[in-house]
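Undergrad: coordinates for the following, if possible.
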Amino acid sequence: MLDEARRLNDLVTNLVAYGRPHALRIAEIDPSRLAREVADAVRPRAQQAGTKVDVRAASDAHVVVADADQIKQVLLNLLLNAIEAD
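TA: Residues are numbered from 1 along each chain as shown. So this is what the prediction gives:
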């Protein structure tokens with residue numbers, strides 16, 4: 001029940017934030033590092049659901065120019081949707 005309340009709170013927070021203008025913070029980022037951070041954050045939830053989260057990144061990962069928070073949000077949404085769909 002508490003997890004569902006948190007999820008709903010996050011959803012409402014994201015919807016409210018979506019309606020506001022958001023200044024992008026563009027910088028060079030390591031997408032592999034971001035993927036590992038997000039995977040680490042959702043791993044407990046995945047384990048509860050009986051799902052394994054594994055990040056396989058190339059050893060010669062490239063730096064990209066993007067907003068790290070936005071990329072993290074996309075990765076988080078993808079992983080949470082995958083966990084729920086499994």
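Undergrad: what ranges do the helices span in the protein?
TA: Ranges of helices within the chain are 2-18, 31-48, 68-85, based on DSSP state H.
Undergrad: could you dump those helices to TSV with distance to Ser59 and mean neighbour count?
TA: Glycine gets a C-beta too; all of them are placed from N, C-alpha and C. Listed next are those as TSV, based on distance: least, C-beta to C-beta, whole Å; neighbours: other C-beta atoms under 10 Å:
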stretch	distance to Ser59	mean neighbour count
helix 2-18	34	10
helix 31-48	9	16
helix 68-85	20	14
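Undergrad: what's the helix or strand bottoming out on mean pLDDT in the chain in contact with?
TA: Taking mean pLDDT, DSSP states H and E as the measure, the chain has helix 2-18 as its least confident helix or strand, at a mean of 75. Helix 2-18 is contacted by residues 45, 73 when judged by C-beta atoms under 8 Å, 6 or more residues apart in numbering.
Undergrad: can you redo the helices of the chain as CSV with distance to Asp54?
TA: Below are those laid out as CSV (distance: least, C-beta to C-beta, whole Å):
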stretch, distance to Asp54
helix 2-18, 22
helix 31-48, 8
helix 68-85, 11
